[in-house]
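S.K.: Could you look at this predicted model? Sequence included:
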Amino acid sequence: MEQSSTLDIDTLKITQDKYTLGPQALHLQRVHPVGLYGWRKRCLYFLLLLLLVTMIVNLALTIWIIKVMNLSVGGMGNLQLTREGIRLEGFSEFLQPIYVKEIQSRRDSTLVLRSEKNVTVNARNSHGQLTGQLTVGPEAVEAQCQRLEVRSRDGGRLLFTADQDEVSIRTETFTVTGLEGVVFRHSVETPLIRATGSEELKLESPTRTLTMEAPRGVEVSAAGGSLTVSGRKDLQLQSTEGEVLLDAGTVRLGSLPLGVYAASPSRSSRTRAVYEVCVCPGGKLYLSPAQSSSTCQAMSSICLWS
């Protein structure tokens, strides 16, 4: 009787375990496996490998660019970023236009601008219109502006100005060292023309007329030497309202034509040592032998051919 009871209990446990494990077994049969297999797995690994190679190449190129360009926190190579602006050391080459407010060199060096053709500096207004231009070329230096000014070293004194109407030189002395002097094609206005102590002053017009005019008078003086006024043709001294004054210790009129006064044939052959100056009606001067009375003849041959 005891043996049969024990068997029944074991049978019940087995039966209970069977029914208990049954649903779990059914659940395990319904779960599908998760993962990449086959060509999908190979493509994923290839993409990861390609991404890794790209990152390594980019990192290597970045390091190479930093090394070649000499990039740092303060700037790039010769280009340094400061609080005052940009500082360049050594030679710099610009392939495109550069727009800056000020270009300044170091205190112990000069500023040099070099170009194979020319160097052009432009100034524009707020509307973009060109107001000034300076061009330094192989043949000439050109400045295009409304007014050109040259000042002294301290910037206070104006030395040279040029505009559309006039050119003004405001220095104390204007010196020309050329062998041919200065050539003026039109009129010149100046208060004083003076030569140095060791040089001669010469005003010459080889093919035209030399005219000197002044509202209050023209003064020509030579303090340390002689004064010579010569001309190929006529030399005129004219005063419309005043007089022509020859004031000197000795006044000489050289190379005047000599007229002959003949009262009689016998007296015409005599040599006279004293002469008088005669004036023709046309203003020509000539010498005539002096007598007790005037020997000037209005119908003299000299006056007729004047």
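M.R.: Good, I have the coordinates.

S.K.: for the nearest residue to Glu89 once chain neighbours are set aside, what are its contacts?
M.R.: Leaving aside its sequence neighbours, Glu89 sits nearest to Asn78 (Cβ to Cβ, 6 or more residues apart in numbering; 4.3 Å). From N, CA and C alone the C-beta is placed, and that goes for glycine too. Asn78 makes contact with Leu88, Glu89, Gly90, Ser92, according to Cβ atoms under 8 Å, 6 or more residues apart in numbering.

S.K.: Could you rerun that using 10 Å?
M.R.: Applying Cβ atoms under 10 Å, 6 or more residues apart in numbering to Asn78 gives the contacts Asn70, Arg87, Leu88, Glu89, Gly90, Phe91, Ser92.

S.K.: what does Gly74 give?
M.R.: Gly74 neighbours (Cβ under 10 Å, 6+ apart): Gln80, Leu81, Thr82, Arg87.

S.K.: what does Leu201 give?
M.R.: The neighbours of Leu201, taking Cβ under 10 Å, 6+ apart as the test, are Gly181, Ile193, Arg194, Ala195, Val220, Ala222, Gly225, Leu227.

S.K.: quick one on the thing from earlier: confidence score at the residue nearest to Glu89?
M.R.: The score at Asn78 is 74. That number is its pLDDT.

S.K.: Leu79: neighbouring residues, count only.
M.R.: Residues within reach of Leu79, counting by other Cβ atoms under 10 Å, total 15.

S.K.: Not counting sequence-adjacent ones, nearest residue to it?
M.R.: Leu88 is the one closest to Leu79 (Cβ to Cβ, 6+ apart), at 5.9 Å.

S.K.: was I right about that neighbour contacting Gly75?
M.R.: Yes: contact criterion Cβ atoms under 10 Å: Leu88 and Gly75 qualify, at 9.4 Å.

S.K.: Neighbour count for the two, which is higher?
M.R.: The neighbour comparison of Leu88 against Gly75 (other Cβ under 10 Å) goes to Gly75, with 16 against 12.

S.K.: Now the more buried one: phi and psi?
M.R.: Dihedral angles of Gly75 (phi, psi; degrees, to the nearest 10) stand at phi 160, psi -150.

S.K.: just the helices in the chain please.
M.R.: Secondary structure of the chain (DSSP state H): helices located at 2-30, 39-69, 265-268, 301-304.

S.K.: And for Cys278, the neighbour number?
M.R.: That count, for Cys278 with other Cβ under 10 Å as the rule, works out to 22.

S.K.: Please report how far Val182 lies from Arg124.
M.R.: To Arg124, Val182 is 37 Å away according to Cβ to Cβ, to the nearest Å.

S.K.: between these two, who's got more neighbours?
M.R.: Shown here are Val182 and Arg124; by other Cβ under 10 Å, Arg124 has more neighbours (12 against 8).

S.K.: What's opposite that one in the beta bridge?
M.R.: Leu130 (DSSP bridges).

S.K.: sorry, back to before: can you lay out the contacts of Asn78 as CSV showing distance to Arg170 and pLDDT?
M.R.: Output for the contacts of Asn78, formatted as CSV (distance: Cβ to Cβ, whole Å; pLDDT from 0 to 100):
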residue, distance to Arg170, pLDDT
Asn70, 50, 78
Arg87, 38, 78
Leu88, 37, 77
Glu89, 40, 75
Gly90, 41, 72
Phe91, 39, 74
Ser92, 38, 73
